[in-house]
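> Dropping the sequence and predicted coords here.
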Amino acid sequence: MRVLIAEDDEVTAELLTAALQEFGYQVTVAGDGREAFQAIRTGKYRLVISDWEMPEMTGLELCRRIRQRRWSGYIYVILLTSHTGVDNIVAGLDAGADDFLSKPFEPHELRVRLSTGRRILGLESRDLTIFALAKLAESRDPESGAHLERIREYSRLLAEELARTDRYRDELDGSYIELLYLTTPLHDIGKVGIPDQVLLKPGRYTADEFAIMQQHTLIGARTLEAVAAVNSEAQYLRMARDIALTHHEWFDGRGYPSKLSGEQIPLCGRITAVADVYDALTSKRIYKPAFTHDTAVQLIREGRGTQFDPALVDAFLELEDDFQLIRKRFENVPSHFDGVRLQWPATAAATLTDSSHAAILPHEPR
Amino acid sequence: MNVLPEQVPIAFEPWELLGRCLGKPELAARVLQKFERQLADDLVKLEHAIEKRDATTAGSLAHRIKGAAANVAAHGVCEQAGLLETVLQMKMDDQLASTWQGLLAERDRFLTAARTTNLHSPQPVA
């Protein structure tokens, strides 16, 4: 794994380099914060050890710049410093540093602090894998686009808004909100078990087809439950199961699959319901055009206390401008995870050739 | 307020440097050489900054010397550079000259110690 060292002191840089190489890392040294930032922009580095005091750009400023931008993955920053005291630690954390290493550094402390960083970056790999699987399931529907990217943003917004209320302050802490962000994209994973002729039907469902479609909540929940059973510590799997199972329940008990009502429906399911419906309403689907934001707001308002938890509709109405901003942010932005579908029989454009081992076409309505 | 140290620190602790170099004497020797060169350069720049009353640059240089010295276990230089950094930050002009001279003296003590140390069989040098 690569490590970037931002250090103007060549002596410390050499010592760090030697220790890191000994521990198996590939090391690059940048002589100041600005040079380090340029190196980070290449996308090669996810572990950064930065001195605090540097010419051009300090380590604190480097941390701030890193956190201000969206990167393809999290960048773990360790600040190397001879500054001690609570105020300096607070300043470092506030700027976005993940950890500290004091000068003079000890090689074995350096090794374990980097191991911590790798572990945390590894967790992000888990998150990305979960999201990729959700996208894979979603890719059966050619018109879903960035649905999953949007729905997790909407869900987080709603949860953060609820967390500001006295009623939910204790339940909705940062950890819950992060889990929600991670697991909401799995809400429709059970659709992999729904036949194409139902899932992709352009018109209204018959009663039988609707009954089949409703099964996606149970298929998804059973799958996640089975995995949760062998990973009892994995809290995210339980939340993912609850979301998959309950995001079509209605607050008044008229939803599916279990006709739960009120707070029988887990909070994560109630949150996802609002986020999912807003996104479905404002998106073009195979069976409907995209509604305007105002129409979607009106329909959700009308569902207060029937389809949706009133507290969540209130939160949504507070946030409707933010919802619109998120919607615009993902408009016409291709998703990094957009699925690809094989066409069979292969068209001329997709015929296998010696140089292409897969007949891959972008999403196309059939 | 007086920022002078109460005890004379060890000039150079070769075992500590070797530990930081994962027990490799060749690496320790290379790092020491680099430190000597960087220290000489930084002291020239520091002297100019002090002459120009550029406390910001002088403070940064003192800080860098302190950090590098800590990592090569040059404790005397590290401590004296730290004192100079404090003197500059607190604008204790009456102690600037003596602290500067103290840093030069620690530099000399370190160089003497480093040059008489065998990194393959090191002993602490006071």
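Looks like it arrived, so ask away.
> mind checking how far the residue nearest the centre of chain B is from residue A:307?
Most central in chain B under Cα atoms, centre = their mean is residue B:77, positioned 2.4 Å from the mean C-alpha point. Per Cβ to Cβ, to the nearest Å, residue B:77 is found 72 Å from residue A:307. Just so you know, the C-beta spots here come from the backbone N, C-alpha and C atoms, and that holds for glycine as well.
> How about residue A:64?
Distance from residue A:64 to residue A:307, counting by Cβ to Cβ: 43 Å.
> Which of those two has more residues huddled nearby?
residue A:307 (20 against 15; other Cβ atoms under 10 Å in any protein chain shown).
> Can stretch A:83-91 be said to contact chain B?
No. Judged by Cβ under 8 Å from any Cβ of the partner chain, stretch A:83-91 and chain B are separated, with a smallest distance of 9.2 Å.
> For that stretch, report the contacting residues that lie outside it.
A:52, A:60, A:81, A:100, A:102 (Cβ atoms under 8 Å, 6 or more residues apart in numbering or on different chains).
> Run a quick neighbour tally on residue 94.
With no chain named, the answer covers chain A. Per other Cβ under 10 Å, the neighbour tally for residue A:94 reads 11.
> To clarify, I was referring to chain B.
With other Cβ under 10 Å as criterion, residue B:94 counts 8.
> Which per-residue confidence value corresponds to it?
pLDDT recorded at residue B:94 is 89.
> mind checking the SS state of it?
Classification of residue B:94 using DSSP: H, G, I helix; E, B strand; the rest coil returns helix.
> any idea how far it is from chain A?
25 Å (Cβ to the nearest Cβ, to the nearest Å).
> Test my guess that residue A:71 contacts residue A:42.
No. Using Cβ atoms under 8 Å, residue A:71 is not in contact with residue A:42; the gap is 11.0 Å.
> contacting residues for residue 81?
No chain specified, so I'll use chain A. Per Cβ under 8 Å, 6+ apart, neighbours of residue A:81: A:51-53, A:59, A:88, A:92, A:100-103.
> That was the other one, I meant chain B.
The neighbourhood of residue B:81, defined by Cβ under 8 Å, 6+ apart, consists of B:62-63, B:65-66, B:69, B:103.
> go on, residue A:134?
Residues near residue A:134 by Cβ under 8 Å, 6+ apart: A:148, A:185-186, A:188-189.
> Not counting its neighbours along the chain, what's nearest it?
residue A:185 (3.9 Å; Cβ to Cβ, 6 or more residues apart in numbering or on different chains).
> Which parts of chain A are helices?
Read by DSSP state H, chain A holds these helices, from start to end of the chain: A:10-22, A:33-41, A:59-68, A:86-95, A:107-138, A:147-163, A:174-183, A:196-199, A:207-230, A:235-246, A:267-281, A:293-302, A:310-329.
> Tell me which of these sits nearest to residue B:108.
Of all the helices of chain A, it is helix A:10-22 that lies closest to residue B:108, at 18.7 Å by Cβ to Cβ.
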